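Asker: this one's sequence-less:
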């Protein structure tokens, strides 16, 4: 694809150089939104048990408990997470629309591939293996799963997410920071 006549083709480097503050705010907002989503789910899980919406032992859950848990969980996530994300997306869209027309038209922000993937890429299997390791390390390997409390399962998943975020996120953040610095320096 070629750019329109009179419109400069900027690319990612120029976009990051010109709008590094907005990109930093966007990345920070994404991190806060992800943390908020996890916290809301953890909060809802604890309250669902204390209010009697679901039993605390997974072995006594019924299909009605499961469906109620899912529906209420979606409601609370949308209320405390979805609405702020929509508002943030609208603010970002308004920011984008206020850029000068010639600048906005000059960015080619799409990647080289279509972004289409097939399958989960093994993430589900990885989390299952990590959950099994956590159960083993906690000394609950031979304990019936039906005796696990909902707080134990959710807490374990959040612990696994935190460890994965630290193990993957720190090197990724260092690499992206280095890459952004290098790209802006060369722009």
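Answerer: That came through fine. Computed from a predicted model, the values in this text were never measured in an experiment.

Asker: Phi, psi for residue 57 please.
Answerer: When read as degrees, to the nearest 10, the backbone of residue 57 gives phi -90, psi 130.

Asker: Check whether it really touches residue 144, as I assumed.
Answerer: No. Between residue 57 and residue 144 there is no contact under CB atoms under 8 Å: 10.1 Å. In this view, the C-beta of every residue, glycine as well, is placed from N, C-alpha and C.

Asker: Out of these two, name the residue with the larger neighbour count.
Answerer: Ranked by neighbour count (other CB atoms under 10 Å), residue 57 and residue 144 place residue 57 first, with 14 against 9.

Asker: quick one: the more buried one from residue 77, how far?
Answerer: Distance from residue 57 to residue 77, counting by CB to CB, to the nearest Å: 24 Å.

Asker: same question, residue 48
Answerer: For residue 48, the distance to residue 77 (CB to CB) stands at 13 Å.

Asker: Comparing those two, which residue is more hemmed in?
Answerer: Neighbours were counted for residue 48 and for residue 77 using other CB under 10 Å; residue 48 has more, 20 against 16.

Asker: distance of the residue nearest to the spatial centre of the chain from residue 52?
Answerer: In the chain, the centroid-proximal residue (CA atoms, centre = their mean) is residue 34; its distance is 4.7 Å. Using CB to CB, residue 34 is found at 30 Å from residue 52.

Asker: cool, residue 38 as well?
Answerer: Distance, residue 38 to residue 52, using CB to CB: 24 Å.

Asker: neighbour count winner among the two?
Answerer: Counting neighbours by other CB under 10 Å for residue 38 and for residue 52 shows that residue 38 has the greater number, 17 against 8.

Asker: For the helix or strand that the more buried one is a member of, name the packing helices and strands.
Answerer: Assigning secondary structure by DSSP states H and E places residue 38 in helix 20-50. Secondary-structure packing of helix 20-50 (3 or more CB pairs under 8 Å, 6 or more residues apart in numbering; DSSP states H and E): helix 63-77, helix 83-97, helix 150-186.

Asker: Go again with 10 Å.
Answerer: If you count contacts as 3 or more CB pairs under 10 Å, 6 or more residues apart in numbering; DSSP states H and E, helix 20-50 packs onto helix 11-18, helix 63-77, helix 83-97, helix 150-186.

Asker: Tell me which of these sits most buried.
Answerer: When the helices and strands packed on helix 20-50 are scored by mean count of other CB atoms under 10 Å, the highest mean neighbour count falls to helix 11-18 (a mean of 16).
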